[in-house]
Each structure stands twice: as C-alpha cells, then as structure tokens.
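1. with the sequence up front, the predicted model follows.
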Amino acid sequence: MNKKKEIAVVASQEMLADGIFSMWIQTEAAKSAKPGQFISMYTNDGSKLLPRPISICEIDAENEKLRVVYRVTGENTGTEEFSKLQAGDTLPVIGPLGNGFPFEKAAGKRVFLMGGGIGVPPILELAKQMKCGKKQIVAGYRDSQTFLKEQFEANGEVYISTEDGSVGTKGNVMDAVAEHNLSADMIFACGPTPMLRAIKQFAEEKDIECYISLEERMACGIGACLACVCKSKEKDHHSNVNNKRICKDGPVFLSTEVEI
Amino acid sequence: MNKKKEIAVVASQEMLADGIFSMWIQTEAAKSAKPGQFISMYTNDGSKLLPRPISICEIDAENEKLRVVYRVTGENTGTEEFSKLQAGDTLPVIGPLGNGFPFEKAAGKRVFLMGGGIGVPPILELAKQMKCGKKQIVAGYRDSQTFLKEQFEANGEVYISTEDGSVGTKGNVMDAVAEHNLSADMIFACGPTPMLRAIKQFAEEKDIECYISLEERMACGIGACLACVCKSKEKDHHSNVNNKRICKDGPVFLSTEVEI
Amino acid sequence: MNMKVNIAGVEWKNPVTVASGTFGSGAEFEEYVDLNRLGAVTTKGVANIPWEGNPTPRVAEIYGGMMNAVGLQNPGIDLFCERDIPFLRKYDTKIIVNVCGKSTEDYCEVVERLASEDIDMLEINISCPNVKEGGIAFGQNPKAAEEITKAVKKYAKQPVIMKLSPNVTSIAEMAKAVEAGGADAVSLINTLTGMKIDINRRAFVLANKTGGVSGPAIHPIAVRMVYEAANAVRIPIIGMGGITNTADAVEMILAGASAVSVGTANFFHPAVTMEIADGIEEYMKQNHFESVSEMVGLVK
Amino acid sequence: MNMKVNIAGVEWKNPVTVASGTFGSGAEFEEYVDLNRLGAVTTKGVANIPWEGNPTPRVAEIYGGMMNAVGLQNPGIDLFCERDIPFLRKYDTKIIVNVCGKSTEDYCEVVERLASEDIDMLEINISCPNVKEGGIAFGQNPKAAEEITKAVKKYAKQPVIMKLSPNVTSIAEMAKAVEAGGADAVSLINTLTGMKIDINRRAFVLANKTGGVSGPAIHPIAVRMVYEAANAVRIPIIGMGGITNTADAVEMILAGASAVSVGTANFFHPAVTMEIADGIEEYMKQNHFESVSEMVGLVK
Ligand SMILES: Cc1cc2nc3c(=O)[nH]c(=O)nc-3n(C[C@H](O)[C@H](O)[C@H](O)COP(=O)(O)OP(=O)(O)OC[C@H]3O[C@@H](n4cnc5c(N)ncnc54)[C@H](O)[C@@H]3O)c2cc1C
Ligand SMILES: Cc1cc2nc3c(=O)[nH]c(=O)nc-3n(C[C@H](O)[C@H](O)[C@H](O)COP(=O)(O)OP(=O)(O)OC[C@H]3O[C@@H](n4cnc5c(N)ncnc54)[C@H](O)[C@@H]3O)c2cc1C
Ligand SMILES: Cc1cc2nc3c(=O)[nH]c(=O)nc-3n(C[C@H](O)[C@H](O)[C@H](O)COP(=O)(O)O)c2cc1C
Ligand SMILES: Cc1cc2nc3c(=O)[nH]c(=O)nc-3n(C[C@H](O)[C@H](O)[C@H](O)COP(=O)(O)O)c2cc1C
Ligand code: FES
Ligand code: FES
C-alpha cells in the first residue's frame, strides 16, 4: 500500500507543434520513474473517467518533475482538456506505471533508438539515460515540425524522416535507416503499430535484439482489468493464456515475445 | 430566436458568510433583467448537466453585470464548483428567466420586503428599484452573519430576525414584524417554504396583496419540461390543469393564486 | 447533397427532431431555436383529457443525465388541437403528435380525434415508466404492444410511430411485435427506469419514487438498442437517447436510425438541434455522403 | 456501533467488497489498497479451463462510465486455486470466488472443484453480456436461471450468490427465480449492454461490437433494481452498479442491499473502497445507526 492516485500540479505547458503539447508536472511519480514507463493522466471532467496513458518524455527526479509530450486527438477529448491547463492547475495522475525500457542491456552496443510520431517523446529520456557504444536516434515525423529534435541532437547521432520529405529522409524511420545505411546490435522503438511491425520484422530478419513499446486502450492501467492485452508468443505466466497486459507486463516487450 | 445560452465571465467573487458566496458576472442577461427574475447557471463539469436556478441579487445594466448570492449546499455540488470560480473564469448561463416582482404596483404603498435565508438576496435589487410609500425590509438570518444588511440599510427601514437571536428579533421574519408591530398594504417575499406559508396566511388573513417567490427543481428553466410546477388555485390557461410552472409563470406569484 | 429523409412516407427536410416531452409544443423554444430548421417537431404527450401529472419533485439530476417523473401532465387533446397545432403549422416543419393514454380506448380516442387534424405523424407512447396505469404495461409485453398497435392503426389517418421502452429483455422482439401490429415506424428509446435516494433525508428524491433516466448517460444503451431493432425490422427507426452533439446523432444513424430525436440535451443546450442539423450536413460533406439514407445502418 | 454484516451466514467485517473483474484477484491492488480493510474480495470470474477472452479493443470510455468486453479472460480454475486463493488468504477478508462458464456442466465443475478450497462464498455470473455462449443466456430467462441455480447448489459447499443481469424486463422475477432455485443471496447489477461506434472509422469501438456499460452512469438504474429485488425476495442482496463514493453506497443500502460492491470506480480511484468503508462508518455515527442492518432497505 505504497502507491496512490496523486494530484499533480502543472509546472509549465507549451505547444511544440500543431496539436502537440509539452507539459512539465510536479509529481512524486518522478522520484522512481524510468524511461519507457508511462503515467495515467485523469481529466478534471466527471464525464471522462478513464485514464489517458501518456509516456514519460523527461524525468527530473531531483525536483520531482516529469515531462510529458502529447497529441490532442480531437475536440472535446481529454487531451484537449490537458492542453488548456496552465501552470498551477492540478492534474490527477497515477504512476509511474509499466516496465520501461531495459536500457542497461545496451551497454557497449550499437543501438537504434527509434521513435515515430507521438512515439518520439519517450525516446528522449531513454537517449539521455542510456549508455551504449553507438547511439543512433532515428525519429520519424509527419512534416517539418520536428519537435524535440534539438534535444535529441544533444544526446546522440540523429537521423530524421518525414512523411512529406520536408526534413531528412522522405518516408518513415526504416527509410532513414536504409538511406544512411545504418546498422545496430539492439533496437528500442516506440511508435504507431505499422512502424513497429516493420521494425520487428527487420530485427527478426537480422536477428537483432529489439524492444518495442506497445499501445492499447486501458481502463485500470495497473494490470487488474485485462483490457489492454496483446498476443504473446508463449502462454503468459500470469494469464495462463497467450495474452500479456501492456500496462503491467509492458508497455515494452521484446519483439519476439509478442505478435502485433 | 433572440435568446441563447451564453458564456458569462466571472467579474469577481467573494465569500459573504459561511458557505454564502457573492459573484458578479459579465453577461448580456443584465441588459433586460428585473428584480425577482433568475438565471440558470450551468457547471463546467460534464457530469452535472442541469441548471442551478439562482435569483438575481443586483443588476448593473449599464456595465452588463449581474450579481448573484448563493449558498454552497454541500460537497461536490454545482454550487461548490461555482464558489471556486475566479475573476476571468467562464460560467454558462441562460437568462434572465421568470417573471420577476411586479414592483410597479407598490407605488405609494406601505410595503414589506421580506427575505429569509438564501431568499434574502433577491430582495436587494427589489429594494433598490422599488418606489413606494414606506419601504420596510424584513430580513431573516440563521445567525449573526447578516449578509447584505448594510446594503439594505441604504435602501429602506431594516428589521432583522435571527434564529439564534444574536441580531435583531429572535425567531423568523414574522416574529420581527410582531415585535416591531409593523404593518403594510403590500408584501413581497422570498425564502423557505415554511416562511412563505406563514406570510401567505398572514397576508390572506389581513387581506394584504402579497407576492411570493417560489422554488422547485428544474430541468429546462424555460417552461418546456413541466418539472417545476406548483399547485394553482384556478386551472392554469397554459396547462389546462391546476398547475403553474415556477420557471415561466413564476417564480413570483400572487399568494392567493397558489397553494403551498 | 440531400439532407431529406423519408420516414414512412413523410418527407422531413432533415433527420433531426426533438424527443417528446423535452420541447413542450415548441412554443417555449421559439426564442432559442428556429423551428423551421427542424425536420419535425415531436410534441409532449397528449391524452384524451387533461392530466395533472405527478407531484413534485418531478426531476433529479443524476451523473451524466437526469431522471424525470413528470407523469405526462398535459392539457388534453381539445386545447392541444385548438392551440398547439395552429402554432406549429406556422413553421415549415413536420408535426409529430405524441399520444399517451391509460387504456386502449384512451389512445384510440386521441388518434381518432387527430385523424382530421393537420398533422403529419403520430407517435404512440407505450413506454412511459411514470404513470401507474397503461403506458409501460403495453411497452413491456410483445403481445400487448402488438394489440395496441393494431387498435391504434384502425383509427389512424397518419403514419404511426410506436415508441418503445428500453426496460425490456429484448428490444428486437418488441420492435417485431409492433411491426407485426402494423406500425409504420418505431422510435426508441424512452427512458430507463431509475431511482435516487437522498441519504440525508432518507427519502426518495422524486415524489414518484422512480423516474425515467435520460441524457448522455444512456446513449450507449440506446445505440445498442437501435442497432438491435434495426436488425430485426424493416420499418424505419427514429433513434434517441442521450444525443447531445453531432457525433452522437451520426452514431445513431450509422447504427440503423433513419432519423434522430434530441431530448434532454435541449435543457442544457437549447440550440443543440440546429447545431446537430448543421453538423450532420458537415459530416456528410466531409465523408462524401450524398444522402442520409446511405449512412443508415452502415456499420454492421 | 457495528460495521459487521452477515451475508448468508458469512460474517464480513464491513459491507464493502469489490465487483468481480475490476480488481483482478487483489494482487494488482495490493499496492493501492489494504485488503484487510475490505469486507470481502470478489475475484475476477474463473472458469473450468483458461479462457483467452475477446480481441482488443476491449474497453471504451463512455459519458460518465465505461464499456467493456473483456470476455472473461481467466487463467482457469487450476492456476486460480494454486495461486490466487493462497494469496488472498494472507489477508483478513472474506473470499468470494466469481464463477463463469459456457454450460451448466462448466459451472458445476468449477463449483465442485471449489468445494474443497478455503474460500467463503461463490458468486455465479449468469449475466455476462460479453461471451457468446452461456452467461447471459441463463441470466435473461427465469426458468434457466432457476435451473442453473439448482444445479450449482448441488455441488456447492459454500453459500451461493447468483449474479443477475440488468438487461431484463423484470429484475424482481429473476431474483425470485434464483431464490426458488435455492440461491443464498443475489448480487446485482452486472453491466447493461451498450454499443459505441467510431463515426470517423465507421466501425465499432469494441472488437466485440457490444460491451457492458458500467460506472456512475448506471447507478440510478442499479439502485432501482436493488430496490425492486429487495421487495421481491428474502435472501440478502449485494448491490452494485456505479458506486463511486460513500453516498452512492449508502443509497444502495437504504434501497435494500445488505452489502455493496465497488467496480469501475477502482479504475479511476484505486483507494475508493477504503474511503467508502470509512465513509459508511462516519455516516452511521452521524445518523446514530448502531448496525448496518438497521439501514438495509430503510427507504420504502
Ligand atoms: C503506454 C502508452 C503510452 C502513450 N504515450 C503517449 C504519449 O506519450 N503521447 C501521446 O500523445 N499519446 C500517448 N499515448 C496515446 C494516448 O494514450 C491517447 O492518445 C490518449 O489516451 C487519447 O485520449 P484523448 O482524451 O485524446 O481521446 P479520447 O477519444 O477522449 O479518449 C477516449 C478513451 O480512449 C482512450 N484512447 C484513445 N486513443 C488511445 C490510444 N491511442 N491508446 C490508448 N488509449 C487511447 C483514452 O485513454 C480514453 O480512455 C500512449 C498510449 C499508451 C497505451
Ligand atoms: C427560482 C429560484 C431561485 C433561487 N435562487 C437562489 C439564490 O439566489 N441563491 C441560492 O443560494 N439558491 C437559490 N435557489 C436554490 C438553488 O437553485 C439551489 O440551492 C441549487 O440549485 C442547488 O444546487 P447544488 O449544485 O448546490 O446542489 P446539487 O445537490 O448538486 O443539485 C442537484 C440538482 O438539484 C437541484 N436543486 C437542489 N436544490 C435545489 C433547490 N433548493 N431548488 C431548486 N433546485 C435545486 C439543482 O439545481 C440541481 O439540478 C433558487 C432556486 C430557485 C428555483
Ligand atoms: C422531462 C421529460 C419528459 C418526457 N416526456 C415524454 C412524453 O411525454 N412522451 C414520451 O414519449 N417520452 C417522453 N420523454 C422521453 C423522451 O422523449 C426520450 O425518449 C428520452 O428522454 C430519451 O432521450 P434523451 O436522452 O435525449 O432525453 C420525456 C423525457 C423527459 C426527460
Ligand atoms: C472490466 C470489467 C470486467 C468485469 N468482469 C466481470 C466478471 O468477470 N464477472 C462478473 O460477474 N462481472 C464482471 N464485471 C461486472 C462488474 O462486476 C459489475 O457488476 C459492473 O461493472 C457494475 O458495477 P460498477 O458500475 O461499479 O463497475 C466486470 C466489469 C468490468 C468493468
Ligand atoms: S488497463 Fe487494466 S490490465 Fe491493463
Ligand atoms: S423547469 Fe422546465 S418547465 Fe420549469
């Protein structure tokens, strides 16, 4: 009984790109957070009761602050409500949740850190904390609004892809890998399912150890409701069927463990 | 099609007494408002959808501002939410609604303006606008927190009753009338039903023209849903039964018209 | 692009009407809504004689919605015909008269009386949970629902919409029963029966003890029932229950409703029906629908 | 003052348990809730063999609540007995095992297996709307409900709570049926069947098309059903559906529930059950109740 829902306080909020917001919040969750974990963010509107799981983008453990970067998905959504919060406003959260990236395993290795779209933000804290041989950050965006790019450049070699070709390689992160003829011993990736599917296939073909962060609708965020499962290759020890809970057993999985 | 729900802006808010708040709001509704009318105030929380009908306490038509004075009825209520609003915050409202006090009829008469509890506030604008022979304001409170008393004193002769006897007559407004041996040709009253019942009886016994402002649960506030009816003596022309709508035909009724 | 819909032979200019009992006979909303913008106006239920309705409190707020036990207060068919029909006829919209009663004879009397009136459709409320006799009794039993439909159809000169209760095990069965009885259309859902207790007074919040739950809280249940009914009958469905915005209305149509009624939302957003009519048009444009009927029941 | 309640011969330290499926087997909530503070823990439904459950998405947010179609994923009775019962036994709370199945035989197999286990009560879920076979079929038909109750009672060594579906015309009739079948208690309500459509993708939000609606949105419907059931049967009632705070819980008890289960609220307020247990105690103090049973069904 050491965890609870907490009323976090917004420290700052800014818009990074069209519909993409960055928020620093004051929360105890920062003390124990790891890259690749997420927090459940709750609205202050009684009609919207379920959590919005949002990945941790940066951690300032000392000052007990977390940064989240998120996309407003539409009108009258929870994320739209979040985007209107200002410094001093409150925000109920639970976290940190999930397993996080096993970045210790990267020591000495040549690594791809791959992020696509709104999967880019969690890669930042990972890039900051990871110690490895060669840190190759491959970030895929829609267009020239390459949010967080400067911060990535301070933390590794950066390759950019954009769907419209306005910056870096035209196409997705795999196109950037191909264009620059990059290679790696290990992959950490977060992004839309089609991107993760391509990365998983690439990694398995080349026998690269690959960790991917998955997404699913959640209700509890803590492993109790069985809403957020993905298909696992083996029978999961908890569920006794071929299902793993993304919120609790993930969101980060070894690519060979799961079917997507 | 000249009316609409409007997003009013809070101009100021203060606490007048324990759990009693006063708020000035910027709203077009001020332009046409009359004493005894009310506004429907809506929460910003999607779980609480019905209006909170609140009487108009003061009108500043020129600056398009209205004052409401209201009681927070409990935790997690709409009125509690209102009490947390600060200058600049928004508040959806519809109004002005209802008929208001027919105060023109008071010209030259000796009048009682009677308010009890949270029925005191609407008496203020009435006292300010009413022109009459003798303006006797009788206000009943719970205890020594006699909110709005100073403003009443600037607008007529003031008699106070308190339930605990800490200020003025111990008891209710009728006790104050008795103690001071007051008399009148016309009464305007707002307050809890038992008080209105006593006033109605008093007025009818003495054959005094008496207007009382009633309360009932509302859903539409504009006369469409038939939620807020009271029993009327005669068949109401609109309903064709012995019911009148408090939101539309009232909230102010000639005491002999209604049964309470 | 065509916003028109044809409900049992009656052409509405758009698929948006109001739910009975939430809009009076339109007069009170005249200041907030241009009634010409509605496909139809559905009136508050009317009986053969005036009804007083239930004691107050008649409404209560609930989480994400409300509960009512108005009990079908109404001025009776005579005053209704004299005052409300001429009022509505001034507008370019269809008139749907909602009919209530305590016995088959009551319903038939009103329907017969309306046969000679200038109105467009009849909606027969066999699903009001707030009156002791009649109403819901017909609405929770397929045989009784079929019988009353047949009886009413004998007297009806206008197309008959049967309004169904959600307080049943199988809405599909109820829809089939009224279709078998000759209904020209069905509307659903009426309110779900609920109860609220004031724990401080230790008493029911509504004088009637129970009331009908409406508003956004019931929307997903309504969508499911519209879907089930649409898969059970061929007659058109007017979908309602918690519709509060364009998305809710479109959802109902995609589930199988040929038109939609907006109820409780009128109380907290009086202009909502106009916004929804515009919103549906906008949605159709963006998604390249030529007519409303293309959308009806599209999601299977 | 006495917070204890006696449900079919089993004494709980207070009237608060969790609704099946919203609390796992307690392990995941151990970090958020002191399980010793609960009158009982009701486990996620368990079947004779492991079930995979439904495809994702399995949940959707709805106005004032949620919809789920988890489809009773569970590890099967063997792993359950081996792992979950010993885990729960570490705590000073009663254990209610929720049982699901696709056929009478399935249910009986699990119940028989549990006869020799150290658990306190059985809750038989005949009301899950999210699995094709079984479940709801028993829960929407009084005869079938009575029969399965009888069958299960033959094998049961612990008191049997029958869990009822709200998707019925008469909850009173269902409660009477399971009472006639020998049920020791009833619990209600399970979820109301709902549907949500994504109008942009023009597809169902849940992979299962329909799902069970839960959360505050359904609370007034649940209170009404508890009231109706309480007036129909003598066996105790465990009330649930949208309980989110102390007032909601007290309301259920005043309506006729001897104990309450908190479900969906755990998802957005993990410590809610402890707060409600404290809140009920506080309410009893303030209102001078000596025991919970004095409050049960007090509002008539
Ligand atoms: C582990 C994890 C990490 C995530 N990290 C981020 C991040 O860092 N930044 C970011 O912008 N987004 C992230 N997402 C996606 C984010 O959770 C959704 O975009 C967000 O919940 C949508 O909420 P809404 O209020 O905008 O939409 P609404 O439509 O109002 O949401 C309704 C419900 O659906 C759920 N939902 C909707 N879309 C998704 C989705 N894609 N995944 C899960 N639930 C969804 C919501 O949580 C809510 O319960 C993450 C998702 C997961 C599972
Ligand atoms: C014409 C009129 C004028 C009023 N003027 C004032 C005023 O000037 N100041 C003031 O403090 N109060 C006034 N009231 C009472 C005020 O409307 C209620 O106290 C308020 O609605 C309670 O809302 P809540 O959010 O605190 O309570 P909640 O318990 O959250 O309310 C739940 C629902 O019940 C309704 N409700 C609860 N109590 C009442 C009540 N007494 N009358 C009507 N509806 C109620 C609410 O409007 C809401 O729809 C007036 C009522 C009416 C009818
Ligand atoms: C205050 C009120 C009064 C109602 N009166 C009637 C009525 O007279 N006849 C009828 O068939 N339905 C009546 N209803 C039910 C509505 O027409 C509608 O079926 C129901 O409220 C669900 O829609 P909604 O959630 O959009 O309100 C009433 C509903 C409310 C809230
Ligand atoms: C995610 C989820 C899973 C559920 N699983 C079960 C289950 O396994 N067995 C069961 O009898 N009820 C199950 N239910 C129903 C709940 O136990 C409860 O009856 C219902 O949700 C109403 O209560 P609530 O509104 O407090 O959640 C489940 C509900 C939810 C939300
Ligand atoms: S969201 Fe409940 S188990 Fe993952
Ligand atoms: S509140 Fe609807 S008629 Fe008065």
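-> Looks like it came in fine. Ligands and ions are numbered 1, 2, ... in the order given.

2. for the stretch 151-300 of chain C, which residue gets nearest to ligand 4?
-> Distances between the stretch 151-300 of chain C and ligand 4 by C-beta to the nearest ligand atom are smallest at C:A217, namely 11.7 Å. (C-beta placed from N, C-alpha, C; glycine too.)

3. chain C too?
-> Ligand 4 sits closest to C:Y63 of chain C, with a gap of 10.8 Å, by C-beta to the nearest ligand atom.

4. could you report the pLDDT at that residue?
-> Listed pLDDT for C:Y63 reads 98.

5. measure how far the lowest-mean-pLDDT helix or strand in chain C is from the centre of its chain, please.
-> Within chain C, no helix or strand scores below helix C:136-139, which has a mean of 79 by mean pLDDT, DSSP states H and E. Relative to the centre of its chain, helix C:136-139 is centred 15 Å away, using C-alpha atoms, centre = their mean, to the nearest Å.

6. before we move on, what about stretch C:99-109?
-> Distance, stretch centre to chain centre, for stretch C:99-109: 17 Å (C-alpha atoms, centre = their mean).

7. ok, the residue in the stretch 1-150 of chain C positioned nearest to ligand 3 - contacts?
-> Ligand 3 sits closest to C:G21 of the stretch 1-150 of chain C, with a gap of 1.9 Å, by C-beta to the nearest ligand atom. Applying C-beta atoms under 8 Å, 6 or more residues apart in numbering or on different chains to C:G21 gives the contacts B:C225, B:L226, C:K44, C:G45, C:N68, C:V70, C:L72, C:N98, C:G263.

8. from memory the last one sits against C:A19, does it?
-> So the one you mean is C:G263. Yes - contact criterion C-beta atoms under 8 Å: C:G263 and C:A19 qualify, at 3.0 Å.

9. any common contacting residues for those two?
-> The contact lists of C:G263 and C:A19 share C:S214, C:M240, where a contact means C-beta under 8 Å, 6+ apart.

10. what residues does the stretch 1-150 of chain C have near ligand 5?
-> Residues of the stretch 1-150 of chain C found near ligand 5 (C-beta under 6 Å from any ligand atom): none.

11. can you check chain A too?
-> Neighbours of ligand 5 within chain A, by C-beta under 6 Å from any ligand atom: A:218-221, A:223-228, A:245, A:247-248.

12. save these as TSV, and put in distance to chain B and pLDDT too.
-> Putting these into TSV (distance: C-beta to the nearest C-beta, whole Å; pLDDT from 0 to 100) gives the following:
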residue	distance to chain B	pLDDT
A:M218	20	98
A:A219	18	98
A:C220	20	97
A:G221	21	98
A:G223	27	96
A:A224	24	97
A:C225	21	97
A:L226	26	97
A:A227	22	97
A:C228	25	97
A:R245	29	97
A:C247	25	97
A:K248	29	97
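
13. and which of those is nearest to B:Q129?
-> Among those, A:A219 lies closest to B:Q129 (C-beta to C-beta), at 55.6 Å.

14. just checking, the closest one is part of a helix?
-> No - going by DSSP: H, G, I helix; E, B strand; the rest coil, the assignment for A:A219 is coil, not a helix.

15. run the chain-centre distance for stretch C:56-63.
-> 20 Å.

16. with stretch C:57-69 instead?
-> Counting by C-alpha atoms, centre = their mean, stretch C:57-69 comes out at 18 Å from the chain centroid.

17. please save the CA atoms from it in PDB.
-> Output in PDB follows, covering the C-alpha atoms of stretch C:57-69 (Å, rounded to 0.1, in the frame of the first residue of the first chain):
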ATOM      1  CA  PRO C  57     -40.200  17.000  -7.200                       C
ATOM      2  CA  ARG C  58     -40.500  15.700 -10.700                       C
ATOM      3  CA  VAL C  59     -36.900  15.800 -11.800                       C
ATOM      4  CA  ALA C  60     -33.500  15.000 -10.300                       C
ATOM      5  CA  GLU C  61     -30.000  15.300 -11.600                       C
ATOM      6  CA  ILE C  62     -28.000  12.200 -12.000                       C
ATOM      7  CA  TYR C  63     -24.500  11.600 -13.000                       C
ATOM      8  CA  GLY C  64     -24.300  12.500 -16.700                       C
ATOM      9  CA  GLY C  65     -28.000  12.900 -17.100                       C
ATOM     10  CA  MET C  66     -31.300  13.300 -15.300                       C
ATOM     11  CA  MET C  67     -34.300  11.500 -14.100                       C
ATOM     12  CA  ASN C  68     -37.900  12.600 -14.600                       C
ATOM     13  CA  ALA C  69     -41.300  11.600 -13.300                       C
END
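
18. any residue of that stretch touching ligand 6?
-> No - contact of stretch C:57-69 with ligand 6 is not found when judged by C-beta under 6 Å from any ligand atom; the minimum separation is 7.5 Å.

19. can you give me the buried ones in that stretch?
-> Within stretch C:57-69, the residues that count as buried by 16 or more other C-beta atoms under 10 Å in any protein chain shown are C:57-69.

20. now do stretch C:8-15
-> The neighbour-count check on stretch C:8-15 (16+ other C-beta under 10 Å) flags C:A8, C:V10, C:W12, C:K13, C:N14, C:P15 as buried.

21. swap in stretch C:84-97?
-> For stretch C:84-97, the neighbour count (16+ other C-beta under 10 Å) marks C:D84, C:I85, C:L88, C:Y91, C:T93, C:K94, C:I95, C:I96, C:V97 as buried.

22. how far away from the center of its chain is that stretch?
-> Distance of stretch C:84-97 from its chain centroid, counting by C-alpha atoms, centre = their mean, is 16 Å.
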